[in-house]
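K.L.:
fold the following and give me the result.
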Amino acid sequence: EYFDKAREALGMPLPKPKAIGMWTMVKRACRIMRAHWFTHMMMAVSMGICNAAVVMYASLAGEYAKVLFKTQDATELLPSMYTRQTAIFGAIVWPIVCAVLDK
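P.N.:
All right, here's what the predicted structure looks like:
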């Protein structure tokens with residue numbers, strides 16, 4: 001479909017892409033990472049901080065629920081709800097969102 005649309009827009013067919021080996025792709029990715037090392041480093045640090053915050057919340061969800069709702073049942077209920085929500089988003093919602101965005 002992509003090639004057909006390109007042919008209509010350009011008035012000529014696009015050449016078929018060449019198959020690239022895995023090692024070649026890794027070398028190219030490393031070359032790009034070296035050229036933009038600071039941006040990649042800052043992204044990695046930012047993602048690490050964000051993921052640390054999520055993991056810390058997840059690990060303390062039971063104690064947080066006990067203090068917030070003042071019941072022992074909440075100690076088990078909130079972490080299970082959080083885990084279920086994370087699983088649903090990871091297994092169902094995000095793949096659908098990514099598929100829609102890729103279109």
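
K.L.:
helix or strand for Pro15, which one?
P.N.:
According to DSSP states H and E, Pro15 maps onto no helix or strand at all.

K.L.:
give me the number of residues near it?
P.N.:
7 (other CB atoms under 10 Å). C-beta: built from backbone N, CA, C; applies to glycine.

K.L.:
any idea how far Trp23 is from it?
P.N.:
According to CB to CB, to the nearest Å, Pro15 stands 23 Å off from Trp23.

K.L.:
Leu68 too?
P.N.:
52 Å.

K.L.:
likewise Leu14?
P.N.:
Per CB to CB, Leu14 is found 26 Å from Trp23.

K.L.:
next up, the contacts around Pro79.
P.N.:
Shown in contact with Pro79 (CB atoms under 8 Å, 6 or more residues apart in numbering): 58, 61-62, 65.

K.L.:
most neighbours of all those, which one?
P.N.:
Ranked by neighbour count (other CB under 10 Å), those have Ala65 at the top, with 21 neighbours.

K.L.:
now for whichever helix or strand it is part of, which elements pack on it?
P.N.:
Assigning secondary structure by DSSP H and E places Ala65 in helix 37-69. Where contact means 3 or more CB pairs under 8 Å, 6 or more residues apart in numbering; DSSP states H and E, helix 37-69 is packed against helix 73-88.
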